[in-house]
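Student: Predicted structure and sequence below. I'll ask about it afterward.
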Amino acid sequence: MQLVYQMDMTGDFEVADLSIVDENVKAAGKKQAAETLAAVQDHHEEIDKIITDNLDNWTLERIAKTDLAILRTAVAEMLYVESIPVRVSINEAVDLAKKYGDERSYAFINSVLGKISRSLNDGANE
């Protein structure tokens, strides 16, 4: 999430530097982090569209940068990192929002990701 935030702040979604990933992260965690980062880089416009399509009376520009980084990270995991269950991505995003967002961030993020999850499930059932 921190690197996704950094990418947004610099406006550069082509950065491929995983040096920010803590040295203590287990190998599997680094692999998932690399997969998630690659997904955000390769699909950030699609990810942003999915987020936008699931906002009620909001725009990406109105979302706090930390919340947007959390949403982008979670949506990338939900769509492109098969080793992470959707429910885990949502729970981790909510936990990150509680830590890095304001007092309402976690509810907002849970709501948006819940809508996205339901739309993904509806699409899988068609």
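Tutor: Done, it's in. Numbering: from 1, shown residues only.

Student: check which helix or strand covers the residue nearest to residue 1 when sequence neighbours are not counted.
Tutor: Closest residue to residue 1 apart from its sequence neighbours, by C-beta to C-beta, 6 or more residues apart in numbering: residue 73 at 4.7 Å. Backbone N, C-alpha and C define where each C-beta goes, glycine included. Taking DSSP states H and E as the criterion, residue 73 maps to helix 65-80.

Student: Show me what that helix is packed against.
Tutor: Using 3 or more C-beta pairs under 8 Å, 6 or more residues apart in numbering; DSSP states H and E as the contact test, the elements touching helix 65-80 are helix 2-10, helix 27-53, helix 86-100, helix 105-124.

Student: could the ones you listed be laid out in CSV, adding mean pLDDT and distance to residue 78?
Tutor: CSV is the format used below for those (pLDDT from 0 to 100; distance: least, C-beta to C-beta, whole Å):
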stretch, mean pLDDT, distance to residue 78
helix 2-10, 73, 14
helix 27-53, 86, 9
helix 86-100, 96, 5
helix 105-124, 90, 7
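
Student: and residue 102, what is it in contact with?
Tutor: By C-beta atoms under 8 Å, 6 or more residues apart in numbering, residue 102 lies in contact with residue 64.

Student: Give the helix, strand or coil label for it.
Tutor: Three-state call for residue 102 (DSSP: H, G, I helix; E, B strand; the rest coil): coil.

Student: if I look at residue 67, how far off is residue 30?
Tutor: 25 Å (C-beta to C-beta, to the nearest Å).

Student: Looking at the two now, which is surrounded by more residues?
Tutor: Set residue 67 next to residue 30 and count neighbours by other C-beta atoms under 10 Å: residue 67 wins out with 23 against 14.

Student: Just give me the residue right at the centre of the protein.
Tutor: residue 73 (1.9 Å; C-alpha atoms, centre = their mean).

Student: Please tell me I have it right and that one contacts residue 36.
Tutor: Yes - between residue 73 and residue 36 a contact is recorded at 6.1 Å, counting by C-beta atoms under 8 Å.

Student: Many thanks, I have nothing further to ask.
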